[in-house]
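Q: here is the input, now give the coordinates:
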Amino acid sequence: MARLKRLLSPNFWKVPKKASKWTVSPSPGPHKKMESIPLQIIIHNVLKMTEKSSESRQLVKRREFLVDGKVRTDGGYPIGMMDVVSVPLISKNYRLVPSSKGLTVIEIPDKESGQKLCKITGKKILRGKKVQINLHDGKNLLVGKDIFNTGDSVMLEIPGLKILSHIKLEKGSLALITKGKNSGKFAKVKEVIITKSREPNKVICEIDGKDYAIIKDFIFVVGKDKPQITLT
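A: I've put the predicted structure just below:
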C-alpha cells in the first residue's frame, strides 16, 4: 500500500500530523488524491471505529466495507464526494459531502444506502447516435435519450447504476457549492451564464439571501425545493 507524508495530508482527513511520519496514500481511482479520503483513514481517523490503523486494514481485508454497494478490500481506495460507505456488520451507512473544510462524512438512513447523486461532467455522441454521459466519479453511462446536459445531476441506484431521477441545472434548482469560500452551502440557481470564451461559465446563485456568481464547475444540483438525499 502506498504511503503519504502526514504533513501533506489534507486537514479533513483528521490525521494527526506529528504522530508519525507516514500515513496511507489514496490508491489510483475515480477521485483526485487530495479530493478524496482513503477508506482506511475514514475507518480509523474519521469514524474512529478502531484503536489502531492496523485494525482498520484488517477489517477492510475481511470484506467488511462496501463503497457504492461494492466490496472494497484496498485500504487506500479513494472515497470522494457523494460516495456511499456501508458497514453491514453494524448496519451503518455514510456519505461524503463537501464542506467548508473540504469533505465531511455524514451518516445517512439505510434507505439511502442504495442511492447516489452524480454530477454530469461531460457528454458524447457515439457511433449509432448512442449517448454517453460522463459522471464526476469516473463512471460512464449509455443513456437512451439525449435529454441530459453537462452540469445536470442524476440519481443512481447503486451498485446497478440504474438512473432513478434527473435533476436539471436550471433556474429554480437547488444546488450545493463544492469548492470555494461558499463550499458546503446550499444555493438557489437564478441564471446560468455560458461565456463562450476563456472565462469559465458561471451560475448566478442566491446564498443566504445574497447573489453570487459561482463558477459552474463548483455547482452540484441536488434537487428543486429540497435535496433529494440527505446532505447534512
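
Q: now for residue 64: which residues touch it?
A: Taking Cβ atoms under 8 Å, 6 or more residues apart in numbering, we find residue 64 in contact with 87, 88, 89. Every C-beta, even on glycine, is put in place using the N, C-alpha and C of the backbone.

Q: what number of residues lie near the last one?
A: So the one you mean is residue 89. When neighbours are counted by other Cβ atoms under 10 Å, residue 89 registers 11.

Q: check which helix or strand covers the spatially closest residue to it that is not a sequence neighbour.
A: With Cβ to Cβ, 6 or more residues apart in numbering as the criterion, residue 89 has its nearest non-adjacent residue at 5.5 Å, and that residue is residue 64. Of the helices and strands defined by DSSP states H and E, none includes residue 64.

Q: swap in residue 205?
A: Applying DSSP H and E, one finds residue 205 within strand 202-207.

Q: tell me what that strand is packed against?
A: Contact analysis of strand 202-207 by 3 or more Cβ pairs under 8 Å, 6 or more residues apart in numbering; DSSP states H and E lists strand 174-177, strand 186-193, strand 210-215 as its packing neighbours.

Q: which secondary structure elements does the biggest helix by length in the chain contact?
A: For the chain, the helix that runs over the most residues, judged by DSSP state H, is helix 53-61. Applying 3+ Cβ pairs under 8 Å, 6+ apart, one finds that helix 53-61 contacts helix 39-41.

Q: contacts for the helix it packs on?
A: Contacts for helix 39-41 (Cβ under 8 Å, 6+ apart): 13-15, 23-24, 53, 56-57, 60, 65, 67, 72, 74-77, 79, 85.

Q: likewise stretch 148-161?
A: So stretch 148-161 is contacted by 68-70, 84, 114-123, 131, 133, 135, 139, 141, 162-169, 192, 216, 219-222, 228-229 (Cβ under 8 Å, 6+ apart).

Q: pLDDT on that stretch, on average?
A: Stretch 148-161 carries an average pLDDT of 97.

Q: rewinding a little: please narrow the contacts of stretch 148-161 to those residing in strands.
A: Residues of the contacts of stretch 148-161 located in strands (DSSP state E): 70, 84, 115-123, 131, 133, 135, 141, 162-167, 192, 219-222.

Q: quick revisit: now tabulate the helices and strands packed on strand 202-207 in a markdown table and tack on mean pLDDT, distance to residue 42 and mean neighbour count.
A: What follows is those, written out as a markdown table (pLDDT from 0 to 100; distance: least, Cβ to Cβ, whole Å; neighbours: other Cβ atoms under 10 Å):
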| stretch | mean pLDDT | distance to residue 42 | mean neighbour count |
| --- | --- | --- | --- |
| strand 174-177 | 98 | 20 | 23 |
| strand 186-193 | 97 | 24 | 17 |
| strand 210-215 | 97 | 28 | 14 |
